[in-house]
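# After the sequence you'll find the predicted model.
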2 protein chains.
Amino acid sequence: MADERQTRTEKLAGEIADAIIDGSLEPGTRLDEHMLAARYGTSRTPVREALRKLATTGLIELRPRRGAIVAEVTSQQLETLFVAMGELEATCARLSALSMTPIERRRLGALYDGMADMVARDDVEAYAAANTHFHTLFYAGSHNPVLADMTATLRRRLAPFRHAQFRAPGRLALSHAEHGAVMRAVLAGDAASAHAAMLHHVSLVEDAFEQLAAPSSPRRRAN
Amino acid sequence: MADERQTRTEKLAGEIADAIIDGSLEPGTRLDEHMLAARYGTSRTPVREALRKLATTGLIELRPRRGAIVAEVTSQQLETLFVAMGELEATCARLSALSMTPIERRRLGALYDGMADMVARDDVEAYAAANTHFHTLFYAGSHNPVLADMTATLRRRLAPFRHAQFRAPGRLALSHAEHGAVMRAVLAGDAASAHAAMLHHVSLVEDAFEQLAAPSSPRRRAN
DNA sequence: GGGAAGTATCTTGCATGCAATTTCGTAATC
DNA sequence: GATTACGAAATTGCATGCAAGATACTTCCC
């Protein structure tokens, strides 16, 4: 459809980002400009510009004169990213408590109720999709596009590491209960509680990930 | 010194950013690629790449096929930026209360004490420099480079609009008092109070700006 | 005189080519 | 046998050229 309104550079950036996020391009892979240009049927110029763009989001690492590689994320950096993500999500929830319109609040409630059914049916797939939507509502609800963008970008950056998020048994019901706490605080206009509830929620997600990713490694102290 | 270790693109990005921040390039100015290339004595290629980089920070606006302009910031966008900045600063303060090392805490106290003298001498210039330093301590003190980067970038982006920050009479002493509240909360390890105090502090800065920038325009409700 | 259509100029998007730096492989020395 | 030095291949950084789209201007029509 709208495939010729955006420039080749933008299309490339999107495709490469997708390849990284869905795992086709593994961390550490060298991103040779000639290779990418050949693979996507363009010249090196748009490839270079796309790589610069991706570098600013942190998805890839650009070393001057030494080429680009898909960002290798150490578990320490990952923890840093999760903490930052959590703080931003909590901030969005905080602002949502202060700024959401009645319509937005009603939508939030409706989505939450719908997600209860998915938990009852144990429909992990539907719940995962609805979960993304749920969080997105707070980005928009903050009524602050700058913050919403930052948070969405970070979420995208962490997407490769959250595949198995709802695998752990009982995680669905727990997640839904936490969502309930966040939602009630936001609907009540209680900024501090909304912040705390969301922070608690995403911290647990982080812990769940760490248990899956490195079950035997010694737990570092959170910063 | 280190002028040939970084690439032309990076140097260009820095110089153009400086020109925007110090006001040499006013908002709305068209950034013609040929013109910039000629002015800085390079070809268009590094100019293009520098522009892309600046676009991601928000300093300039890049419209596909229509060129780049120095970002025009409406007062509404400015308020959004200030709110986001405030939330991020508050978050850094929150994390600082939890994570600062004893050495960092001591440095914070020392700087605060030194700033008291500047207030007494009414040395606006020195205070402004120390103020930047003061805030930077919290970025580092969060022990979260991702968050610190985001906050520093936003601060840089807002730099053009904070020139007259300490002009208003009595602002120096007030600022110092607020710094004191933030510092005490951080030193006490009280995350919630640190967050609240910093938010209060930067909100007042925002208000001061708005009074200077648009004294007669009707006040919008903060989001 | 005002507006619209067509044309010319300008600007960006992309391709290609060259030079400099890095990296890899080979060989020589310790 | 390991390490270092040298050289070749490869890769990035940058310059230039061309084509498509956008802007500005002229001209024509109402």
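Looks like it arrived, so ask away.
# Give me the phi and psi for the residue sitting furthest away from the middle of chain A.
Distance from the C-alpha centroid of chain A peaks at residue A:43, with 31.2 Å (C-alpha atoms, centre = their mean). Note on residue A:43: backbone dihedrals following degrees, to the nearest 10 are phi -90, psi 180.
# mind listing the strands for chain A?
A:30-31, A:60-63, A:67-70 (DSSP state E).
# from the ones you listed, which stretch is densest packed?
strand A:67-70 (a mean of 18; mean count of other C-beta atoms under 10 Å in any protein chain shown). (Each C-beta comes from the backbone N, C-alpha and C, glycine too.)
# Can you list the strands that that strand pairs with?
The strands that strand A:67-70 pairs with in its sheet are strand A:30-31 (antiparallel), strand A:60-63 (antiparallel) (by DSSP bridges).
# can you pull out the helices in chain A?
Secondary structure of chain A by DSSP state H: the helices cover A:8-21, A:33-40, A:44-57, A:75-99, A:102-121, A:124-141, A:145-158, A:171-187, A:191-213.
# Up against chain B, what does chain A have?
By the rule C-beta under 8 Å from any C-beta of the partner chain, the part of chain A lying against chain B is A:5-7, A:10, A:45, A:48-49, A:52-53, A:56-58, A:64-65, A:80-81, A:83-84, A:87-88, A:91, A:94-95, A:98-99, A:142-147, A:150, A:154, A:192, A:223.
# tally of neighbours for the nearest residue to residue A:136 once chain neighbours are set aside?
Spatially, and ignoring its direct neighbours in sequence, residue A:136 is nearest to residue A:152 (7.6 Å; C-beta to C-beta, 6 or more residues apart in numbering or on different chains). When neighbours are counted by other C-beta atoms under 10 Å in any protein chain shown, residue A:152 registers 16.
# What separation do you get for residue A:152 and residue B:81?
Taking C-beta to C-beta, to the nearest Å as the measure, residue A:152 and residue B:81 are separated by 17 Å.
# centroid residue for chain A?
Nearest to the mean C-alpha position of chain A, by C-alpha atoms, centre = their mean, lies residue A:155 at 1.6 Å.
# returning to what we had before: which residues sit in contact with the nearest residue to the residue farthest from the centre of chain A once chain neighbours are set aside?
Among residues not flanking residue A:43 along the chain, residue A:37 sits closest, at 5.7 Å (C-beta to C-beta, 6+ apart). Residues near residue A:37 by C-beta atoms under 8 Å, 6 or more residues apart in numbering or on different chains: A:43-44, A:47.
# List, out of these, those positioned next to DNA strand C.
A:43-44 (C-beta under 7 Å from any atom of the strand).
# need the residues of chain A near DNA strand D, please.
By C-beta under 7 Å from any atom of the strand, the residues of chain A that approach DNA strand D are A:30-34, A:44-45, A:48, A:64-68.
# swap the cut-off to 6 Å and go again
Proximity of chain A to DNA strand D (C-beta under 6 Å from any atom of the strand) is limited to residues A:32-34, A:64-65, A:67.
# How much space separates residue A:188 from residue A:98?
Residue A:188 is 11 Å from residue A:98, where distance means C-beta to C-beta.
# Of the two, which one has the most company?
Neighbour count, other C-beta under 10 Å: between residue A:188 and residue A:98, residue A:98 has more, with 16 against 11.
# And the pLDDT at the spatially closest residue to the more buried one that is not a sequence neighbour?
In this structure, residue A:98 finds its nearest non-sequential neighbour in residue A:191, 5.4 Å apart by C-beta to C-beta, 6+ apart. We have a pLDDT of 96 for residue A:191.
# Check residue A:35 too.
pLDDT for residue A:35: 93.
# again, but for residue A:8
Residue A:8 is assigned a pLDDT of 86 by the prediction.
# How about residue A:208?
On pLDDT, residue A:208 comes in at 64.
# try residue A:186
For residue A:186, the pLDDT comes out at 97.
# got the contact list for stretch A:130-145?
In contact with stretch A:130-145 (C-beta under 8 Å, 6+ apart) are residues A:89, A:91-93, A:95-96, A:99-100, A:104, A:107-108, A:111-112, A:114-115, A:118, A:147-148, A:151-152, A:155, A:166, A:175, A:179, A:182, A:186, A:198, B:80, B:83-84, B:87, B:223.
# and those, which are buried?
Burial by neighbour count, judged by 16 or more other C-beta atoms under 10 Å in any protein chain shown, picks out A:89, A:91-93, A:95-96, A:99-100, A:104, A:107-108, A:111-112, A:115, A:118, A:147-148, A:151-152, A:155, A:166, A:175, A:179, A:182, A:186, A:198, B:80, B:83-84, B:87 from the contacts of stretch A:130-145.
# so which of those residues are also by DNA strand C?
Restricting the buried ones among the contacts of stretch A:130-145 to contacts with DNA strand C (C-beta under 6 Å from any atom of the strand) yields no residues.
# Relative to residue A:107, how far out is residue A:144?
18 Å.
# Residue A:157 now?
Taking C-beta to C-beta as the measure, residue A:157 and residue A:107 are separated by 26 Å.
# again with residue A:49
38 Å.
# In contact with residue A:104, which residues?
Contacts of residue A:104 by C-beta under 8 Å, 6+ apart are A:96, A:137, A:140-141.
# Residue A:110: neighbouring residues, count only.
So residue A:110, with other C-beta under 10 Å, has 10 neighbours.
# again, but for residue A:66
If we define neighbours as other C-beta under 10 Å, then residue A:66 has 9 of them.
# Please point out which parts of stretch A:199-207 sit buried.
For stretch A:199-207, by 16+ other C-beta under 10 Å, it's A:199, A:201-203, A:205-206.
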